[in-house]
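>>> Based on what follows, work out the 3D shape:
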Amino acid sequence: MRFQALATDFDGTIAHHGKVSEGTVQALRELLATGRRLILVTGRELPELLEMLPAIELFEWVVAENGGLLYQPSTKQERPLADPPSAPLLALLQQKGVERISVGRVIVATWEPFENMVLESIRELGLEWQVIFNKGAVMALPAGVNKASGLLAALKEMGLSPHNVVGVGDAENDHAMLKLCEFSAAVSNALPAVKETADFVTQADHGDGVAQLIAAMIEDDLEQFDNRLTRHHLPLGKRGEEEILIPSHGPCILICGPSASGKSTLVTRLVESLEEKNYQFCLFDPEGDYENFAGAVAFGSPDAPPTGDEVLKLLSNPASNAIVNLTGMKIPDRPPMFLGMLGPLLQMRTRTGRPHWLILDEAHHLLPAEWLPSEGVMPEKLKNVIMITVHPELLAPAMLERVDALLVVGENAEEMVATYCEASGVDCPEFEPPQLKTGEVLLWFKGANEPPMKVAAYPCKTERRRHRRKYAEGELPPDRSFFFRGPEAKLNLRAQNLMVFLQTADGVDDGTWEFHRRQGDYSKWFEACVKDEGLTAAAKQIESLPEVDAHEGREMMRAAIEREYVLTPSSKMPVAGAS
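Prediction:
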């Protein structure tokens, strides 16, 4: 299920003149019955909202005060998402004669025509505040606080990505929320500007329009509107002046070509696009070709196989990506390991819609031709999967059947297409031999009326490194070294290079390690002093995981460092003492 949650505005959307009809409440209940979840995102303050909406328990989270306050109906817990308004601001607004002022936990609200007085007061006090409008309402909030920021806070609590959320609204202050969501809808009574930017405009108004949207979600998970979501698609390259895109949701893609033909470069560019658009991916890497990709945490090494539990724990964070390095496993052991992880990964997709993409390099190592899936193991329609292989005929027939698009690189591309078609039992398309040059790919959507097309693929933005760099022996000066000091600054242990850092990390107590991890000190050091973007990105992901204990955190950090650097015996030094 792609769309796991509906985020809806209140006034003018599910509510008409402050009331939600029984029909709308019933539609919300029907959506919940499908396993989806509800989030209310409103500019109203919580006390008045609780009086107006008896059915508030239908919503897992409520974002109130236009992004300023988070409320959980099941526990009745409130959490302000910014500092409260200052007393000088409130005094100045009253002094200027601003009427109908309402003060919440974060928000200060009034009505037109007092917007200029509010702006003048903010300027006079030098506050980092903003003014947001909503059909005559004037809302003052700290800079950066809006419905999108509040929704992100709710989604973090739910373990969901905005890519799995549908948003619906009607007014100016809904723009940020609708832009954040993968799919945006406007009810028919919405302002023209909101309708223009929405992916879908309902025929009915207010709650009846939301009910129409819900019916479409239940019917086909909004697949009927896929052609409207091209802004999310992945740029592949150009055919002449036409930009060619890969759908960001749905296809099972097979990338094939001879060795050293550019498959890994093509995959790297697609993975870069996934990262740029914040789609979560899990990449299985049998040859260690992608272990240094910035923005992902790698598990496993030539000396140690990965563990599925570690990977799943990382992927529980929507902002994290995983690379599963299988170089430490024998080829016969790889299929059982992969299949053991596939079930939990697909179950996670069912619960959360993530990881958005599974990428299987050397796919014939993971799903060889002799593999026969047990009934129910593999979905009939395999979505959002990229498989890479030199030999399509060595890949399991069950996987070849599920391919929607073929990407071929290298010489004799027509022979590779023919090999795939023969192995999968489909008719081979008729087309002229493309004579691909370096950087060009052949794209064929199976079942389409068009023959394969030649595309000039976009180049990678980052240079992929096939092997770990050797660590340059030496000693960073004190001002660029890392110091383990602990929560009470009782320690002063200096790490003047990465080897000493790992040795010292193993020796300090758990409290000291966790103190620095929670503060983000490790990624700050990697960024400022080691100056390694990939290592910094990996450390930030490790630091963001709330459920990782000290032992697991150390192991993840060691794996991140060791995949970037070869720590030779000659660079091992004794742990430095206090300085």
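>>> Is A153 in contact with V63, as I believe?
Yes: judged on Cβ atoms under 8 Å, A153 makes contact with V63 at a distance of 7.3 Å. Glycine gets a C-beta too; all of them are placed from N, C-alpha and C.
>>> list residues touching both of the two?
Common contact partners of A153 and V63 (Cβ atoms under 8 Å, 6 or more residues apart in numbering): L70.
>>> Looking at the two, which is more packed in?
Using other Cβ atoms under 10 Å, the more surrounded residue of A153 and V63 is V63, with 29 against 16.
>>> Hmm, that one is touching L38, no?
No: contact criterion Cβ under 8 Å: V63 and L38 do not qualify, at 11.7 Å.
>>> Tell me the pLDDT of R466.
If you check R466, the pLDDT there is 35.
>>> Might you report the residue contacts of F3?
Listed by Cβ under 8 Å, 6+ apart, the contact set of F3 reads 36, 164-166, 182-183, 217, 221-222, 353.
>>> Read off the pLDDT value for it.
Looking at F3, its pLDDT reads 98.
>>> A204 is in contact with A211, correct?
Yes: here A211 reaches A204: they are 7.3 Å apart, a contact under Cβ under 8 Å.
>>> Compare the two (neighbour count), which wins?
Shown here are A211 and A204; by other Cβ under 10 Å, A211 has more neighbours (21 against 14).
>>> Phi and psi next, for the closest residue to the more buried one other than its chain neighbours.
Once flanking residues are discounted, A211 sits nearest to A27: 3.7 Å by Cβ to Cβ, 6 or more residues apart in numbering. With angles defined as degrees, to the nearest 10, A27 sits at phi -60, psi -40.
>>> Helices of the stretch 1-150 of the chain, start to end?
For the stretch 1-150 of the chain, the helices defined by DSSP state H, counting those that start in this stretch cover 22-33, 46-52, 87-95, 115-125, 147-158.
>>> tell me the most buried of those helices?
helix 147-158 (a mean of 21; mean count of other Cβ atoms under 10 Å).
>>> Follow the chain on from that helix and name the next helix or strand.
Of the helices and strands lying after helix 147-158 in sequence (DSSP states H and E), the nearest is strand 165-169.
>>> what's the helix or strand just after that next one packed up against?
The C-terminal neighbour of strand 165-169 among helices and strands, as given by DSSP H and E, is helix 175-180. With contacts taken as 3 or more Cβ pairs under 8 Å, 6 or more residues apart in numbering; DSSP states H and E, helix 175-180 sits against helix 147-158, strand 165-169, strand 183-186, helix 192-197.
>>> Quick one: closest of those to L502.
helix 147-158 (30.4 Å; Cβ to Cβ).
>>> got the contact list for the closest one?
Residues contacting helix 147-158 (Cβ under 8 Å, 6+ apart): 5, 7, 9, 37, 39, 41, 43, 60-61, 63-70, 72, 81, 161-162, 165, 167, 173-174, 176-177, 179-181, 318.
>>> Weed out the non-buried ones from these.
5, 7, 9, 37, 39, 41, 43, 60-61, 63-70, 81, 161-162, 165, 167, 173-174, 176-177, 180-181, 318 (16 or more other Cβ atoms under 10 Å).
>>> Please, where are all the helices along the stretch 201-350 of the chain?
Applying DSSP H, counting those that start in this stretch to the stretch 201-350 of the chain gives helices spanning 206-220, 263-276, 308-315, 334-352.
>>> Alright, that wraps it up for me.
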